[in-house]
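Trainee: okay, here's the prediction I keep looking at, along with the sequence it came from:
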Amino acid sequence: MKKFAALMFFMLLLAGCGTAEQSKQGEQTNQTDQTNEVQTEDGTFVGLADSHTIEVKINNEPVSLNIVGDYDGDIDQLKDGQKVKVTYKKTEKGQLELKEIKSAK
């Protein structure tokens with residue numbers, strides 16, 4: 001009887017471990033889905049923070065967007081305080097990458 005009780009205990013213990021691991025995998029999948037999502041927002045152009053970062057106010061919050069690769073937009077044509085439409089993507093590391101910025105008309 002003791003062997004049966006011990007066997008049932010270990011089976012229950014192992015079953016719980018498998019469930020926890022599966023839950024972690026599900027969370028990682030959801031995080032990956034959220035990071036690959038491209039978002040478009042209206043905002044106000046604040047200016048260049050440095051040679052590869054711009055700042056835009058979205059919902060009255062300053063947001064820094066990284067300019068990656070050889071971005072071919074017209075950032076130089078934008079003026080501080082100008083209303084813009086920004087398209088960006090959040091990376092796995094939590095950084096925001098600029099995809100497109102254009103003047104909101």
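Mentor: Nice, thanks for sending it over. Numbers count the residues shown, from 1 in each chain.
Trainee: residues contacting the closest residue to residue 77 other than its chain neighbours?
Mentor: Excluding the flanking residues, the one nearest residue 77 by Cβ to Cβ, 6 or more residues apart in numbering is residue 103, at 7.9 Å. (Glycine included, C-beta is placed from N, CA and C.) Residue 103 makes contacts with 77, 78, 82, 83, 84, 85, as judged by Cβ atoms under 8 Å, 6 or more residues apart in numbering.
Trainee: chain center to stretch 62-81: distance?
Mentor: Centroid separation between stretch 62-81 and its chain, computed with Cα atoms, centre = their mean, to the nearest Å, is 18 Å.
Trainee: how near is the residue nearest to the spatial centre of the chain to residue 104?
Mentor: A centroid search over the chain (Cα atoms, centre = their mean) returns residue 90, at 3.0 Å, as the residue closest to the centre. Look at residue 90 and residue 104: by Cβ to Cβ, to the nearest Å, they are 21 Å apart.
Trainee: for residue 78, same thing?
Mentor: Counting by Cβ to Cβ, the gap from residue 78 to residue 104 is 11 Å.
Trainee: domains of this protein?
Mentor: What automatic domain parsing lists as the domains of the chain is 1-35, 38-103.
Trainee: ok, of those domains, where does mean pLDDT dip lowest?
Mentor: Among these, domain 1-35 carries the lowest mean pLDDT, a mean of 64.
Trainee: correct me, but residue 89 touches residue 39?
Mentor: Yes - contact status for residue 89 versus residue 39: in contact at 7.4 Å, counting by Cβ atoms under 8 Å.
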